[in-house]
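Q: Have a look at this prediction, sequence included:
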Amino acid sequence: MCCCPRSRIRHGLITGATGTGKTITLQTLAENFSARGVPVFMADVKGDLTGITQTGKIGDKLAAVLKERGLDAPAPTSCPATLWDVFGKSGHRSARR
Ligand SMILES: Nc1ncnc2c1ncn2[C@@H]1O[C@H](COP(=O)(O)OP(=O)(O)OP(=O)(O)O)[C@@H](O)[C@H]1O
Ligand SMILES: [Mg+2]
């Protein structure tokens, strides 16, 4: 799948065995849409995507790999996100009370 405006699609399905990168793929899609100003709604029952609100860090291991391969380190960013909490305790409240 690609996030460039010309080729973005309206429907998609990400499948795979545990640990094969489904969540990371979804997060990457969302980050790219967000960077282009496209609002994204994600139902995240497991809470795996909440880190999208935080600016990441380049760890020592990744920094070493990038250096070894002569690659520039990417600039970590965060996405503007509102967490929705149906109970209204840790996020945006539901419209229905
Ligand atoms: N594109 C990628 N490049 C390098 N590593 C990756 C990539 N995608 C995922 N990983 C690695 O694989 C791990 C598992 O990925 P992820 O959590 O997205 O899997 P998942 O399919 O959502 O798993 P689960 O079924 O348990 O929810 C990540 O923590 C990361 O270390
Ligand atoms: Mg997952």
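A: Yep, it's here. Ligands and ions are numbered 1, 2, ... in the order given.
Q: From ligand 2, how far out is residue 76?
A: Separation of residue 76 from ligand 2 (C-beta to the ion, to the nearest Å) stands at 21 Å. The way it works is simple: take the backbone N, C-alpha and C, and place the C-beta from them, glycine included.
Q: Oh, that last question was meant for residue 68, not what I typed.
A: Separation of residue 68 from ligand 2 (C-beta to the ion) stands at 29 Å.
Q: what about stretch 81-90, start to end distance?
A: The straight-line separation of the ends of stretch 81-90 (C-alpha to C-alpha, to the nearest Å) is 13 Å.
Q: Report the mean confidence score over that stretch.
A: Averaging pLDDT along stretch 81-90 yields 84.
Q: What of stretch 40-52?
A: 87.
Q: Can you list the neighbours in contact with it?
A: Applying C-beta atoms under 8 Å, 6 or more residues apart in numbering, the contact partners of stretch 40-52 are 23, 26, 27, 30, 31, 33, 34, 78, 79, 81, 83.
Q: Single out whichever of those has the smallest pLDDT.
A: pLDDT is lowest at residue 83 among the contacts of stretch 40-52; the value there is 87.
Q: so it sits right up against residue 92, yeah?
A: Yes. Using C-beta atoms under 8 Å, residue 83 makes contact with residue 92 at a distance of 6.6 Å.
Q: Leaving out chain neighbours, which residue sits closest to the residue of the chain at minimum distance from ligand 2?
A: Closest approach between the chain and ligand 2, counting by C-beta to the ion: residue 23, at 3.2 Å. Distances taken as C-beta to C-beta, 6 or more residues apart in numbering place residue 48 nearest to residue 23, at 4.7 Å, with adjacent residues excluded.
Q: count of neighbours near the residue of the chain closest to ligand 2?
A: By other C-beta atoms under 10 Å, 15 other residues sit near residue 23.
Q: Tell me the secondary structure at it.
A: Under the three-state scheme (DSSP: H, G, I helix; E, B strand; the rest coil), residue 23 adopts helix.
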